[in-house]
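1. give me a 3D structure for the following:
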Amino acid sequence: MALIKECRGKKPIYGKDCWFAENSTIVGEVTMGDQCSVWFSAVVRGDVNSITMGNKVNIQDGAVIHATFEKAKTTLGNNVSVGHNALVHGCTIEDNVLIGMGSIVMDGCYIESGSIIAAGAVLLGGTRVEGGSVYAGVPAKKVKSISPELFEGEVMRIANNYLKYSGWFKE
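-> Numbering: from 1, shown residues only. Just a heads-up that it's a prediction; the model follows:
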């Protein structure tokens with residue numbers, strides 16, 4: 001069973017049909033919606049500030065979701081995929097967003113709906129990502145707009161696949 005732990009009098013709250021890997025960690029003021037998954041070695045640490053996630057959010061293996069004490073909460077909308085070993089810290093991510101593997105999203109970033117943060121990208125603090133865009137590089141910059149095919153083939157496909165994958169472990 002996942003490590004689900006209270007901190008400073010607040011304990012994680014989660015919706016229906018969620019799945020948490022046995023070695024995932026969810027701590028403190030964390031609220032997540034329905035059909036979320038937190039994968040192997042992932043950490044969602046709401047000890048210093050709140051973390052709020054919508055429905056159908058997947059936090060993949062080794063990813064870390066955190067915030068900044070008395071400064072920056074973390075909010076993830078619906079249908080957000082956070083790739084393997086990504087770091088999401090003190091930011092806001094709207095609906096239907098893919099955060100690529102190994103990417104870093106720092107305090108004060110705001111990612112609008114329908115965006116992709118490419119694998120390995122680093123969003124410096126305070127960066128605002130235009131909706132429907134792909135940001136890549138170090139520091140991350142807009143490299144293109146998302147086509148309907150890329151949106152369906154990546155953002156939606158990955159979110160739906162992780163809902164399917166978590167079902168394999170619920171059986």
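
2. so residue 72 versus residue 18, what's the distance?
-> 25 Å (CB to CB, to the nearest Å). (Each C-beta comes from the backbone N, C-alpha and C, glycine too.)

3. can you give me every residue that contacts the nearest residue to residue 89 once chain neighbours are set aside?
-> Excluding its sequence neighbours, the residue lying closest to residue 89 (CB to CB, 6 or more residues apart in numbering) is residue 66, at 5.2 Å. Applying CB atoms under 8 Å, 6 or more residues apart in numbering to residue 66 gives the contacts 43, 45, 48, 51, 74, 87, 88, 89, 90.

4. which pLDDT value does the model give the residue nearest the centre of the chain?
-> In the chain, the residue lying closest to the centroid (CA atoms, centre = their mean) is residue 82, at 4.0 Å. pLDDT for residue 82: 98.

5. ok, residue 95 next?
-> In this model, residue 95 carries a pLDDT of 98.

6. quick one: neighbours of it, just the number.
-> Residue 95 has 18 neighbouring residues, counting by other CB atoms under 10 Å.

7. if you average the pLDDT over stretch 130-142, what comes out?
-> 98.

8. how far off centre is it?
-> 16 Å (CA atoms, centre = their mean, to the nearest Å).

9. quote the end-to-end distance of it.
-> 8 Å (CA to CA, to the nearest Å).

10. ditto for stretch 62-77
-> Counting by CA to CA, the terminal residues of stretch 62-77 are separated by 20 Å.

11. stretch 82-97 too?
-> 8 Å.

12. likewise for stretch 24-42?
-> 5 Å.

13. grab the longest helix from this structure for me.
-> helix 157-170 (DSSP state H).

14. picking that back up, can you put the contacts of residue 66 in TSV and add secondary structure, distance to residue 58 and pLDDT?
-> Shown next, in TSV, are the contacts of residue 66 (DSSP: H, G, I helix; E, B strand; the rest coil; distance: CB to CB, whole Å; pLDDT from 0 to 100):
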residue	secondary structure	distance to residue 58	pLDDT
43	strand	14	98
45	strand	17	98
48	strand	23	97
51	strand	15	98
74	strand	15	98
87	strand	16	98
88	strand	12	98
89	strand	18	98
90	coil	20	98
